[in-house]
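A.B. asks: Requesting a structural model of the entry that follows:
(one chain, ligands or ions: 2)
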Amino acid sequence: MKALVLNGKQDVEYKEIPTPECPDDGFLMRVEAVGLCGSDVRNYTHGHSKLQYPAVLGHENAGIVVEVGEACKEYKVGDKLVLNPAIPCGKCYYCENDNRGLCENLKVVGTQVQGGFAQYMAVGSDIIERGQILRMPEDLEYDQVILAELLSSVIRAQEQLEVGLNDTVVIVGSGPIGCLHSQIAKLRGATTIVMADINQERVDAVRPFGGTHFVNSAEVDLVQYVKDLTGGIGADVVIVAAPSAKPHQEGLLMLKKEGRLSIFGGLSKEDPWSTMDGNLIHYNRLKIIGAYSYSPCDFKKGFDLLAGGQINMDMITHRLPLKDMEQGVQLIREGKAMKVVLLPQVE
Ligand SMILES: [Zn+2]
Ligand SMILES: [Zn+2]
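C.D. replies: Ligands and ions are numbered 1, 2, ... in the order given. Just a heads-up that it's a prediction; the model follows:
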């Protein structure tokens, strides 16, 4: 089969590798669509502590079963599926305490297990038993259903933040994640949703995704803007969906008393530090909440919202053959693409 093999940082090769064997206790899936996620761009660019080269990335996978092992009774050839890439161990402290998204021994498809940047994937009993596989609804396409993965982390973050009725929510960073945050905030009852980005094209492009106010934060002082918008009170919630520490400090200044700040975007390994005004946190009783990962229930919720037609999926701007992954990376880096989906079956 053809696969996109990562040999090192920024070093990929589209080449023929052996098609994985169908596991006796699982099945072989032909990958029809795989999302090119921000984390793929990061792993491609900077590597990842759990990646071993050569590696095949790709964790937002949907496809069709083409072969089934003898001991696998649950699936049959022709089943159309979407995979949650997280494979929790089921035994550690967090798994036992019903928080599988924080599993200490989490394996992830596309990091420790061959991902979907390939034409086929072997799905064994570890994924079937401890992971999560959902059947595609009839009226969703493969390239749409892969959004369930991004959406699940957004859903988890907003549950942590308790976004609710009549809230003012500021979203810093208007990429595909920002567009999902705005829609989930709206579904949860927020009435004022400010979407900010430093890229004017993005500020213009994100209007259909549930926001109410759109700000180019390279040109407008976002803190002042939010203060003015809220009569000097501040926002209930600020979500930083950008890989930058500066919005953490600004986020505190935009919040009302007892407001909640979500640190949704990770920072670079070389410079992970953030400076925040401790007195603001103290006197204003602010909450700062980290957002990472999700549990199977979040993945199911994301999937159901997509299947129910409650999410505008037009943030998928590019569908490219798998071999053009680096072009997709470039489009994302330049802010010219929102969500890129790769198609391993298209040569
Ligand atoms: Zn992802
Ligand atoms: Zn575990």
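A.B. asks: if I pick whichever residue of the stretch 1-150 of the chain sits closest to ligand 1, what's in contact with it?
C.D. replies: Taking Cβ to the ion as the measure, the stretch 1-150 of the chain has C37 as its residue closest to ligand 1, at 3.1 Å. Bear in mind the C-beta positions are built from the backbone N, C-alpha and C, glycine included. Applying Cβ atoms under 8 Å, 6 or more residues apart in numbering to C37 gives the contacts 59-60, 149-150.
A.B. asks: ditto for N43
C.D. replies: Per Cβ under 8 Å, 6+ apart, neighbours of N43: 6, 51, 57, 111.
A.B. asks: Mind telling me what element it is part of?
C.D. replies: Using DSSP states H and E, N43 sits in helix 38-46.
A.B. asks: Can you name the next helix or strand after that helix?
C.D. replies: Counting by DSSP H and E, the element after helix 38-46 in chain order, helix or strand, is strand 61-68.
A.B. asks: Point out the other helices and strands that the very next helix or strand once past that following strand packs with.
C.D. replies: Toward the C-terminus, strand 61-68 is succeeded by strand 80-84 as the next helix or strand (DSSP H and E). Other elements packing on strand 80-84 under the criterion 3 or more Cβ pairs under 8 Å, 6 or more residues apart in numbering; DSSP states H and E are strand 61-68, strand 132-135, helix 147-161, helix 296-307.
A.B. asks: Compare these and give me the one nearest ligand 2.
C.D. replies: helix 296-307 (12.5 Å).
A.B. asks: packing partners for that closest one?
C.D. replies: Applying 3+ Cβ pairs under 8 Å, 6+ apart, we find helix 296-307 packed against strand 80-84, strand 132-135, helix 142-145, helix 147-161.
A.B. asks: can you pull the contacts of the nearest residue to M325 once chain neighbours are set aside?
C.D. replies: In this structure, M325 finds its nearest non-sequential neighbour in L4, 5.4 Å apart by Cβ to Cβ, 6 or more residues apart in numbering. Residues counted as contacts of L4 (Cβ under 8 Å, 6+ apart) are 12-14, 56-57, 117-118, 322-323, 325.
A.B. asks: State the helix or strand in which G259 lies.
C.D. replies: According to DSSP H and E, G259 maps onto strand 255-263.
A.B. asks: What average pLDDT does stretch 257-268 get?
C.D. replies: Averaging pLDDT along stretch 257-268 gives 94.
A.B. asks: returning to what we had before: out of the helices and strands packed on helix 296-307, which comes closest to E270?
C.D. replies: helix 147-161 (23.6 Å; Cβ to Cβ).
A.B. asks: If we go by neighbour counts, what in the closest one is buried?
C.D. replies: In terms of neighbour count (16 or more other Cβ atoms under 10 Å), helix 147-161 has its buried residues at 147-158, 161.
A.B. asks: mean confidence score for it?
C.D. replies: The average pLDDT for helix 147-161 rounds to 97.
A.B. asks: And the next helix or strand past that helix?
C.D. replies: Following helix 147-161 in sequence, per DSSP H and E, is strand 168-172.
A.B. asks: centre of the chain versus the following helix or strand past that next one, how much separation?
C.D. replies: Downstream of strand 168-172, the first helix or strand assigned by DSSP H and E is helix 176-187. Going by Cα atoms, centre = their mean, to the nearest Å, the spacing between the C-alpha centre of helix 176-187 and its chain's C-alpha centre is 12 Å.
A.B. asks: packing partners for helix 176-187?
C.D. replies: helix 147-161, strand 168-172, strand 192-197.
A.B. asks: Could you save these as JSON lines and add columns showing distance to D204?
C.D. replies: Converted to JSON lines, those look like this (distance: least, Cβ to Cβ, whole Å):
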{"stretch": "helix 147-161", "distance to D204": "22"}
{"stretch": "strand 168-172", "distance to D204": "16"}
{"stretch": "strand 192-197", "distance to D204": "10"}
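A.B. asks: Same list, those, but as JSON lines with distance to ligand 1 please.
C.D. replies: Formatted as JSON lines, the helices and strands packed on helix 176-187 follow (distance: least, Cβ to the ion, whole Å):
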{"stretch": "helix 147-161", "distance to ligand 1": "5"}
{"stretch": "strand 168-172", "distance to ligand 1": "18"}
{"stretch": "strand 192-197", "distance to ligand 1": "19"}
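A.B. asks: Understood, closing this out.
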